[in-house]
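Asker: just the structure for this:
(2 chains)
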Amino acid sequence: MSTIASQSWFMTARLLRGTVREPLFLIIGLVQPAIWLLIFGQLFYRVTDLQGFGDGRPYLDYLTPGVVVMMALTRGAWSGGNVLEELDHGVLDRFLVSPVSRAALIAGHLCQQAITIMAQAVLVLGLALAMGARFAGGPVGALVLLLAAILMVLAVGSLSMSFALVIRRSQSLTAVIQFVLLPLVFLSSAFMDQSLAAGWIRTIARFNPIDWAVLAGRSALAEHPDWQLIGTRLLWLAVLAALCALVAVRSFRSYQRSL
Amino acid sequence: MAHAVTAPPGTGGGERAAALAVRGLAKTYPGGRRALAGVDFEVAAGEVFALLGPNGAGKSTTMRILTTLSRPDAGTATIGGVDVVREPQKARRLIGYVAQRSGVDASGTGRENLTLQGRLHGLSGRTLAARVDALLETVGLTEIADRGTREYSGGTRRKLDIAMGLVHEPRVLFLDEPTTGLDPEVRAEIWEHITGLAGAGALTILLTTHYLEEADRLAGRVAILDRGTIVAQGTPAELKGDLRGDAIHVEVLDPAAAEPARRVLAGLARVREVTVDGVTVRALVEDAAGAVPLVLAALTERGVTASSVAVARPSLDDVYLHYAGRSAKEERA
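Answerer: Next up, the predicted model:
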């Protein structure tokens, strides 16, 4: 195993150990998606009656991929908070003084995020099934949705960590998340079919990575997945995630310069 | 700015190879605050060197540059001949760092923290396990090694910190305020560990501290840093000797009487560097024994009641006061 890979694994294992020892955060992370499913699912279930909404599936089926992607988005967005905590406790400095690769420090966090979001997504899908959702796409469709959620968490997690390293204030991180997250979700097809939205929203959604992830996941879970749509959206997400990870590794330099 | 640097003492410094050489180190933070304005010093292999100075003098900045966490604007620093700016990865293998902010991962046990640190330095298998066991034994943590570090006391965590800085057998160990915030007993214990490490010979130690007693006890040489430059360096004995004369400490009962007492002392011939620190007025005099009656008489004449007058050889605190212009105790308050 190359050095970076093994170092990344040590970091991932360290973080996962913490997650397993204190599973409370994982559970709290599931409360929000459960509420979205329960409340939105009930509140808007008649929306499918609208002319031109979706492909005739019940609203719960339509909603579930959106909720999974939103959970990934939230989880990724707060990952900067973990970095800030490490920074405050001197844990990050301790690592930076060792010959560990900077990429491995970021990769450890990203792997931990990816693994925990997988577990959470499986639980949310299980809950949706229990509530009566049906996914014709089956396990393959579920895997595509998981992949989309992972790419989402990698991209947003990297940006959040970069922000944490450069700005280094948890209040600012909170403010940005609260300001950006929800509007971006509503500027996608997570809850509402874009063909029924205003033109300008449709235009924005086309460039919104949240929409890419939701479209790919939803199509994969349908009876007749559109593999061209799924393939292109996943590819765009992968490119975005790679770029964001690069930014995160680079932001260590800014951190070092400011010390 | 003039480089008010005293040359390192002729003996000792030149004969052994420098484990650490710092030349003209300067750093200004984004925003314009100048932290270092040309710092030079050398530490010989196996030596314990202490950096003293008030808050904001540049101690931590120096530490951060030497441990590759920060980069200087100018100057060089080498560790065992390796330039910390040009070859940081190589330098990181040679150094251990115990920062002010602990650096212990709270979600892991003591053993896990120590093992991870070893792995990051490329150790593995039995070598690593054996070294971890040995270090836990050395710092007296064997019994609680498998407990979560959240349960550790401040002193215990500090011992783990020191062990973590040593797991890869570094050549130079950096200790940034190693005993700040610890109980006196724990402090004494940590001092013992540091003395033990230094006594073993191979390890070079650079420490920063607010406690002059700490520097006096542990360090072979000290440098006093003020406003980003080194204003004095040498062995504690040399620095105290440079002050000439003795220290006289006058204590008054009422803090309000300290200022009048200071004025009385300042008015006397042969009395220098009069400063107030709470209820204590300190000064340097040529012949302390002869000066005591004069001081007492002058105080009585002005109606200032002293509760005690003591004469001592100058302490490192007096040296610090002389160069940095304020007492280290005052600085901590």
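Asker: how far away is the closest residue to B:Arg270 other than its chain neighbours from chain A?
Answerer: Sequence neighbours aside, B:Glu286 is the residue nearest to B:Arg270 in space, at 5.0 Å (criterion: Cβ to Cβ, 6 or more residues apart in numbering or on different chains). Backbone N, C-alpha and C define where each C-beta goes, glycine included. B:Glu286 sits at a distance of 46 Å from chain A (criterion: Cβ to the nearest Cβ, to the nearest Å).
Asker: now the helix ranked longest in chain B: how far from the chain's centre is it?
Answerer: With DSSP state H setting the assignment, residue counts place helix B:184-199 as the longest helix in chain B. Distance of helix B:184-199 from its chain centroid, counting by Cα atoms, centre = their mean, to the nearest Å, is 14 Å.
Asker: for it, the averaged confidence score.
Answerer: Per-residue pLDDT values over helix B:184-199 give a mean of 87.
Asker: in CSV, list the C-alpha atoms belonging to it.
Answerer: What follows is helix B:184-199, C-alpha atoms only, in CSV (Å, rounded to 0.1, in the frame of the first residue of the first chain):
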residue,chain,number,x,y,z
PRO,B,184,2.7,22.6,41.2
GLU,B,185,3.1,18.9,42.0
VAL,B,186,2.4,17.9,38.4
ARG,B,187,4.8,20.6,37.2
ALA,B,188,7.5,19.1,39.3
GLU,B,189,6.8,15.7,37.9
ILE,B,190,6.9,17.0,34.3
TRP,B,191,10.2,18.8,35.1
GLU,B,192,11.6,15.5,36.3
HIS,B,193,10.6,13.8,33.0
ILE,B,194,12.2,16.6,31.0
THR,B,195,15.4,16.5,33.1
GLY,B,196,15.4,12.7,32.5
LEU,B,197,15.1,13.2,28.8
ALA,B,198,17.8,15.8,28.7
GLY,B,199,20.1,13.7,30.9
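Asker: hmm, back to that, state the number of residues packed around the residue nearest to B:Arg270.
Answerer: Neighbour count for B:Glu286, taken as other Cβ atoms under 10 Å in any protein chain shown: 13.
Asker: cool, A:Leu143 as well?
Answerer: By other Cβ under 10 Å, the residues close to A:Leu143 number 12.
Asker: pLDDT score for it?
Answerer: pLDDT, A:Leu143: 97.
Asker: contact partners for it?
Answerer: A:Leu143 sits next to A:Ala220 when contact means Cβ atoms under 8 Å, 6 or more residues apart in numbering or on different chains.
Asker: over to the one 10 residues further on?
Answerer: With contacts defined as Cβ under 8 Å, 6+ apart, A:Val153 is in contact with A:Ala72, A:Leu73, A:Arg75, A:Gly76, A:Ser79, A:Leu110, A:Gln113, A:Ala114, A:Ile117.
Asker: kindly report the same for B:Val276.
Answerer: B:Val276 sits next to B:Ala258, B:Glu259, B:Ala261, B:Arg262, B:Arg282 when contact means Cβ under 8 Å, 6+ apart.
Asker: swap the cut-off to 10 Å and go again
Answerer: B:Val250, B:Val252, B:Pro255, B:Ala258, B:Glu259, B:Ala261, B:Arg262, B:Leu265, B:Arg282, B:Ser327, B:Glu330 (Cβ atoms under 10 Å, 6 or more residues apart in numbering or on different chains).
Asker: ditto for A:Met11
Answerer: A:95, A:100-101, A:104-112, B:116, B:119-120.
Asker: rerun at 6 Å
Answerer: A:Ala104, A:Gly108 (Cβ atoms under 6 Å, 6 or more residues apart in numbering or on different chains).
Asker: would you mind writing the CA trace of the helix or strand hosting it as CSV?
Answerer: Here A:Met11, judged by DSSP states H and E, is contained in helix A:3-21. Output in CSV follows, covering the C-alpha atoms of helix A:3-21 (Å, rounded to 0.1, in the frame of the first residue of the first chain):
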residue,chain,number,x,y,z
THR,A,3,2.1,5.8,1.9
ILE,A,4,-0.8,8.2,1.2
ALA,A,5,-3.3,5.4,1.0
SER,A,6,-2.2,3.8,4.3
GLN,A,7,-2.1,7.2,6.0
SER,A,8,-5.5,8.0,4.7
TRP,A,9,-6.7,4.7,6.1
PHE,A,10,-5.2,5.5,9.6
MET,A,11,-7.0,8.8,9.6
THR,A,12,-10.3,7.3,8.4
ALA,A,13,-10.1,4.5,11.1
ARG,A,14,-9.4,7.1,13.8
LEU,A,15,-12.5,9.2,12.8
LEU,A,16,-14.8,6.1,12.3
ARG,A,17,-13.7,4.9,15.8
GLY,A,18,-14.9,8.2,17.2
THR,A,19,-18.2,8.0,15.2
VAL,A,20,-18.9,4.4,16.5
ARG,A,21,-18.0,5.4,20.1
